[in-house]
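Visitor: structure, please.
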Amino acid sequence: MCLAIPSKVVRIEDGCGIVDVDGVRRKVNIQLLSDVSVGDYIIVHAGYGLHKIDARTANEALALLRAASSLLNGPHP
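Guide: The predicted structure follows:
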C-alpha cells in the first residue's frame, strides 16, 4: 500500500523543495513538476513531488489523515 501526502512547499532550492506537513519539514525532489512555487501544495510520495493540488483539496485530505491517525493513536495535537 502506498500513501502520498499533500505537502505545502515552503522553500525551493537546487531543484528540491522544502515541504511542510503539520510542522514537519523535509526535502523532496520536485524536478518531475513544472511551475512549482512557494505556497503551492504538492502530492509527495517516496521523496518525490508527483503533482500539484489546490489548497482546499490538500486541506481536506490532511484533515482525513489526521482523523484516521487520531482513531489509531489518539487525538492529534
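Visitor: and the helices in the protein?
Guide: For the chain, the helices defined by DSSP state H occupy 55-73.
Visitor: leaving out sequence neighbours, find the closest residue to Y41.
Guide: A58 (3.7 Å; Cβ to Cβ, 6 or more residues apart in numbering). For glycine as for every other residue, the C-beta is placed from the backbone atoms N, C-alpha and C.
Visitor: cool, I12 as well?
Guide: V38 (6.2 Å).
Visitor: from A68, how far out is that neighbour?
Guide: Separation of V38 from A68 (Cβ to Cβ, to the nearest Å) stands at 28 Å.
Visitor: now do the strands in the protein.
Guide: 5-13, 16-21, 24-29, 41-45, 48-53 (DSSP state E).
Visitor: which residues of the chain score low on pLDDT?
Guide: Scanning the chain for pLDDT under 70 picks out 1-2, 74-77.
Visitor: my guess is C16 meets R25, correct?
Guide: No - applying Cβ atoms under 8 Å as the test, C16 and R25 come out as separate, 11.9 Å apart.
Visitor: neighbour count winner among those two?
Guide: Neighbour totals were compared for C16 and R25, and C16 leads with 16 against 12 (other Cβ atoms under 10 Å).
Visitor: for that one, what are its contacts?
Guide: Counting by Cβ atoms under 8 Å, 6 or more residues apart in numbering, C16 touches 27-30.
Visitor: next, work out how far apart it and Y48 are.
Guide: Distance from C16 to Y48, by Cβ to Cβ: 10 Å.
Visitor: what do those two both touch?
Guide: 28-30.
Visitor: and these as a markdown table, adding neighbour count and distance to K52?
Guide: Formatted as a markdown table, the shared contacts of C16 and Y48 follow (neighbours: other Cβ atoms under 10 Å; distance: Cβ to Cβ, whole Å):
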| residue | neighbour count | distance to K52 |
| --- | --- | --- |
| V28 | 20 | 13 |
| N29 | 14 | 15 |
| I30 | 22 | 10 |
